[in-house]
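Undergrad: Got a predicted structure here, sequence first:
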Amino acid sequence: MKVSVILAHPKKESFNHAIAKTVVDTLNKKKHEVYFHDLYAEEFDPLLPPKEIEEDVVLPDSITNYCEEISISDGIIIVHPNWWGQPPAILKG
């Protein structure tokens, strides 16, 4: 099974990082194919530029890779804090 694990927390020593590590380690032990992304470590830009809304736009390679991984994944696990009743901006942007 292919599983995409997405982490959205800025501090490496956070409980969310510990959760994500446990999830990834467990999936790997079970021989699943894991796509792991730490959005802060990757400096993911959550802004949607107007040019990306166009129909025939060529997306940046990083965004294309995210889209491809999500489309072939059998499962998606998102680990994030709940700040003021919502996920952080880097995840929902």
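TA: On my side now, so go ahead.
Undergrad: From here on, just use CA atoms for contacts and neighbour counts.
TA: Will do.
Undergrad: Would you mind measuring from Ile90 to Cys67?
TA: Distance of Ile90 to Cys67, computed by C-alpha to C-alpha, to the nearest Å: 16 Å.
Undergrad: Show me what stretch 86-93 is in contact with.
TA: Residues from elsewhere that reach stretch 86-93 (C-alpha atoms under 8 Å, 6 or more residues apart in numbering): 8-9, 39-40, 44-48, 80-82.
Undergrad: Can you select the buried ones from those in PyMOL?
TA: In PyMOL, this line selects whichever of the contacts of stretch 86-93 come out buried by 16 or more other C-alpha atoms under 10 Å:
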select buried, resi 8+9+39+40+80+81
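Undergrad: Where does confidence bottom out across the contacts of stretch 86-93?
TA: Among those, Leu48 carries the lowest pLDDT, at 83.
Undergrad: May I ask you to confirm that that residue belongs to a helix?
TA: No - counting by DSSP: H, G, I helix; E, B strand; the rest coil, Leu48 falls outside a helix, being coil.
Undergrad: what's near enough to touch it?
TA: Residues near Leu48 by C-alpha under 8 Å, 6+ apart: Gly93.
Undergrad: How much space separates it from Glu54?
TA: With distances taken as C-alpha to C-alpha, Leu48 is found 11 Å from Glu54.
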